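Asker: Kindly generate the corresponding structure for this input.
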Amino acid sequence: MAPSKGNFDSKSSQKNRIAYSEFGNSSNSEAMEPGVPDLPPQQQNLKVQATRKGRGGKTVTVISGFQSHEQTLSKLLKQLKNQCGTGGTMKDQTLEIQGDHTDKLLQILTQLGYKAKKSGG
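Answerer: Presented below is the predicted three-dimensional model:
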C-alpha cells in the first residue's frame with residue numbers, strides 16, 4: 001500500500017511552482033526584453049531590399065537596421081503599408097512589406113528623415 005500524502009493537492013501546487021527565481025518577480029516580461037535605443041530617424045541607417053528567400057516565391061521588401069521601440073515601428077509600418085497599398089508585418093526590428101516596393105519605400109523613408117540605402121540586387 002502506498003503512503004498517504006495527506007491534504008496535498010498536487011495539481012494546484014504544480015501550476016504555481018517556481019523552480020528557481022533569482023531576481024524578483026518572473027512575471028515582469030518587460031524586464032526580460034533586451035533594451036533597444038530609440039534613436040531619431042536621422043541617426044538610423046536603414047537597408048531596403050527586395051527578397052524571395054523562404055517565402056514560397058513571393059516577393060517581399062525588407063527594411064532592416066531600425067533602432068526604435070516597437071510602438072514607433074508599428075506606426076511607421078502602418079504608414080508604409082497605406083502608402084504602398086499592400087500588407088506587411090514586423091519581425092525582430094525589421095519591417096516586411098508585400099511586393100517589390102524598394103524605390104517607393106526609399107523615397108518615403110528619406111522624406112521622413114531616415115538614412116536609407118538600397119541593398120542587394
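Asker: Return the list of strands paired to the top strand by length along the chain, each annotated with direction.
Answerer: As assigned by DSSP state E, the longest strand anywhere in the chain is strand 45-51. Take DSSP bridges as the rule and strand 45-51 pairs in its sheet with strand 60-64 (antiparallel), strand 115-118 (parallel).
Asker: and the nearest residue to residue 104 once chain neighbours are set aside, how many neighbours does it have?
Answerer: When the adjacent residues along the chain are set aside, residue 104 lies closest to residue 84, with 6.2 Å between them (Cβ to Cβ, 6 or more residues apart in numbering). Just so you know, the C-beta spots here come from the backbone N, C-alpha and C atoms, and that holds for glycine as well. When neighbours are counted by other Cβ atoms under 10 Å, residue 84 registers 17.
Asker: Okay, residue 84 and residue 74: tell me how far apart.
Answerer: 16 Å (Cβ to Cβ, to the nearest Å).
Asker: Please spell out which residues along the lengthiest helix in the chain are buried.
Answerer: Counting residues, the longest helix found in the chain (DSSP state H) is helix 70-84. Across helix 70-84, burial judged by 16 or more other Cβ atoms under 10 Å covers 73, 76, 77, 80, 81, 84.
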